[in-house]
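Novice: quick one, structure for this:
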Amino acid sequence: MRYRDERSAMCGIVGFAASQRPSDRSWLRVGRDMMEHRGPDSAGEYYSNDGLVGFGHRRLAIIDLSPGGHQPMVCEEGRVRITFNGEIYNYRAVKQILEERGYAFRSSSDTEVIIASYKAWGEDCLSRLEGMFAFAIHDMAHNRIFLARDRAGEKPLFYRLKDGELRFASELKALMADPAFERRIDREALDVYLSIGYIPGDRCILTGVKKLPPAHAMTFDLASGDVRVWRYWDLPDYDADAFGGDDIELLEELERRLSAAVGRQLVADVPAGVLLSGGVDSSIITALAAREAPRLRTFTVGNPDDRAYDETSYAQLIADHFNTDHTVLDAADATPDLLPLLARQYDEPVNDSSMIPTYLVSRAIRTHCKVALGGDGGDELFGGYYSASRMAELQHLFCRIPVGPRRAVSALAQRHMSLGMKGRAYLSMIGFDLRHELPVFAPYFGRYQRARLLKGHVDNSTFAEDFRSSRVPDVADGVQRITRFDFKNYMPEDILVKIDRASMLNSLELRAPFLDPSVIDLAFRCVPSRLKASPMDRKIILKQLSSKLLPPTFDKTRKQGFGFPLGTWLRGGAWKSAFEDVLFDADSLFDRKEVQSLFAGVNAGRPVHGHLFCLAIFEFWRREYGASF
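Specialist: Here you go, the predicted structure:
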């Protein structure tokens, strides 16, 4: 393992800025310490002399364990102050450029590199920084606050603008430390959640709050209160001529870039390891990390009670091949008592039951390591989801059939076929304009089901469908369209939320080498769709790389994520009782008959347990947060 690098660490940040009169600061320390799990090692705060600005910080010390990395940090002349959550992986290269320009550094922290970069290049510093981050800078010279979030959206940032004041935090619960905070559910955000299972973009489940989207920055003028939000980076267009080599050379370039990213992200002053599922993505990361670490630590979740969800044999093959220090972690202690805890931690409801095993494995790894690498991002970059191959298939089969008749068949299926009924999802998908739109490949509740569920609360809304359609990339190639959509929506608002909250609740830092900017650029600018997904295959170029790096007996066709047999558990016992308790409560927002039909579907063996989880986790969240319409 590599040591003695001095970067910052995963943290929690919180703050306020007022344009007219000093702000009430009493809530800030409380909000900061509500995120102690994000940074249990130290805490700091800063208030400007005029009382208009306040920053709070919780620190999880990963690198530069000395006080030199303490935050909020100030530049030498005191004109720039920062509170920062994340890691800047290329900070050494940026630091060298700044030193050549005459900047004298007082510490070895990447936090100071951000400050110096901002002083040198202003807002354009974001084009120089590579890593996962969310930060806020108080720029006294220009009398403004500057906030930014990393390209992929690995680190979160919520904010609220009200009465000339900006408040921001890594987690929504920190903003709610103010007793005056109004906890009203945003009906449109709920409509989107019930449709796709997460709340995308700058939307928030609570009214009056927004999220700064990935790859966006924001300024708040302290004199006028004016706010500007803009995208500072976007995915590159695919260019068939961008890479001059053939497929073999493209594969070699992918290996080179991914290997460099793994090397950068293994740097730590504390024990680090790899979260190994035994699937393609995490196995590739393990193979590349084994080159860097003489005795790499790997971790796998075991589920001996259900072989369909047990991955230990696949991971053991990889661990043995690369001679890693391998640990099998038992995730069998998944109980419904975890649901209120996770609902509170996740800030917003997320319909992803893998949050439970992700939390359990994070908790188990934390007893061994403070840092772990994972394979997150591989599916979104390289067409690893079922939806990518299904999109290729739909375009091949149905593009020549007029969309009008297909829409009519789709509407009939959604109205008259029960959720989970065989063929319903496929017939629903064919109703889309496959040249410009995207089917909802994993819909939870269509507009008719949402109207029945929320009878008396909302009309027969199409907001979710309209909102989602507005975010579909305007590219002709279906595989490019779905991978770009997933990268900008599903990944940052489901996958990365799950990873961030579950890991940070356990004070564990999870890193994702696939989300290195150089790997992202290659995936979207240079890799053609034929090397991502076809009607019969997915993640084609990564499987080619796995053939090169992994043992010949490795099963490339297997896709393994963290899961557990929720459908079985909901047929009886503690899990069913917990779901019934929250969903049949008199205070529940959801129609009792509709919920009963979902339980009947589970008992009949239909795959609707995800729909029940969608409703249950929302109601657990609402209980924890005291939210209402």
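
Novice: Gly273 belongs to a strand?
Specialist: Yes: applying DSSP: H, G, I helix; E, B strand; the rest coil, one finds Gly273 inside a strand.

Novice: tell me what it is bridged to.
Specialist: Counting by DSSP bridges, Gly273 is bridged to Ala372.

Novice: neighbours around Thr335, how many?
Specialist: Applying other Cβ atoms under 10 Å, we find 12 other residues in the vicinity of Thr335. For glycine as for every other residue, the C-beta is placed from the backbone atoms N, C-alpha and C.

Novice: max-length helix in this structure?
Specialist: helix 247-265 (DSSP state H).

Novice: buried residues, that helix. List them.
Specialist: If you call a residue buried by 16 or more other Cβ atoms under 10 Å, then helix 247-265 has these buried ones: 250-251, 253-255, 257-265.

Novice: point out where this protein drops to low pLDDT.
Specialist: 1-10, 61-69, 268-270, 303-309, 331-333, 420, 442-443, 456, 458-460, 558-563 (pLDDT under 70).

Novice: quick revisit: closest to Asp281 out of the buried residues of helix 247-265?
Specialist: Taking Cβ to Cβ as the measure, Leu258 is the one of the buried residues of helix 247-265 closest to Asp281, at 10.3 Å.

Novice: phi, psi for the nearest residue to that closest one once chain neighbours are set aside please.
Specialist: Excluding its sequence neighbours, the residue lying closest to Leu258 (Cβ to Cβ, 6 or more residues apart in numbering) is Val519, at 5.6 Å. Per-residue torsions, Val519: phi -70, psi -40 (degrees, to the nearest 10).

Novice: same check, this time on Arg366
Specialist: phi -60, psi -20.

Novice: I figured it hits Asn506, correct?
Specialist: Yes: counting by Cβ atoms under 8 Å, Arg366 does reach Asn506; the two are 4.4 Å apart.

Novice: so the two - more neighbours on which side?
Specialist: Higher neighbour count among Arg366 and Asn506: Asn506, with 20 against 16, using other Cβ under 10 Å.

Novice: which residues sit in contact with that one?
Specialist: Listed by Cβ atoms under 8 Å, 6 or more residues apart in numbering, the contact set of Asn506 reads His37, Tyr359, Ser362, Arg363, Ile365, Arg366.

Novice: which two from those residues end up farthest apart in space?
Specialist: Farthest apart among the contacts of Asn506 by Cβ to Cβ are His37 and Ile365. That separation is 15.0 Å.

Novice: have a look at the two and say which one is more surrounded.
Specialist: A direct count of neighbours by other Cβ under 10 Å for His37 and Ile365 places Ile365 higher, at 25 against 18.

Novice: which residues are contacting whichever strand or helix holds Lys548?
Specialist: Using DSSP states H and E, Lys548 sits within helix 540-549. The contact list for helix 540-549, computed with Cβ under 8 Å, 6+ apart, reads 250-251, 254-255, 258, 280-281, 283-284, 287-288, 378, 382-384, 527, 530-534, 537, 554, 556.

Novice: out of the residues you listed, list just those in strands.
Specialist: Of the positions in the contacts of helix 540-549, Ala533, Ser534, Asp537 sit in strands, assigned by DSSP state E.

Novice: which SSE is the residue nearest to the last one when sequence neighbours are not counted in?
Specialist: When the adjacent residues along the chain are set aside, Asp537 lies closest to Ser389, with 6.5 Å between them (Cβ to Cβ, 6+ apart). Take DSSP H and E as the rule and Ser389 turns out to sit in helix 386-398.

Novice: next one: that helix to chain centre, how far?
Specialist: Mean C-alpha position of helix 386-398 versus that of the full chain (Cα atoms, centre = their mean, to the nearest Å) differs by 25 Å.

Novice: ditto for stretch 312-327
Specialist: In terms of Cα atoms, centre = their mean, the centre of stretch 312-327 is found 27 Å from the chain centre.

Novice: could you do stretch 314-332 as well?
Specialist: 25 Å.
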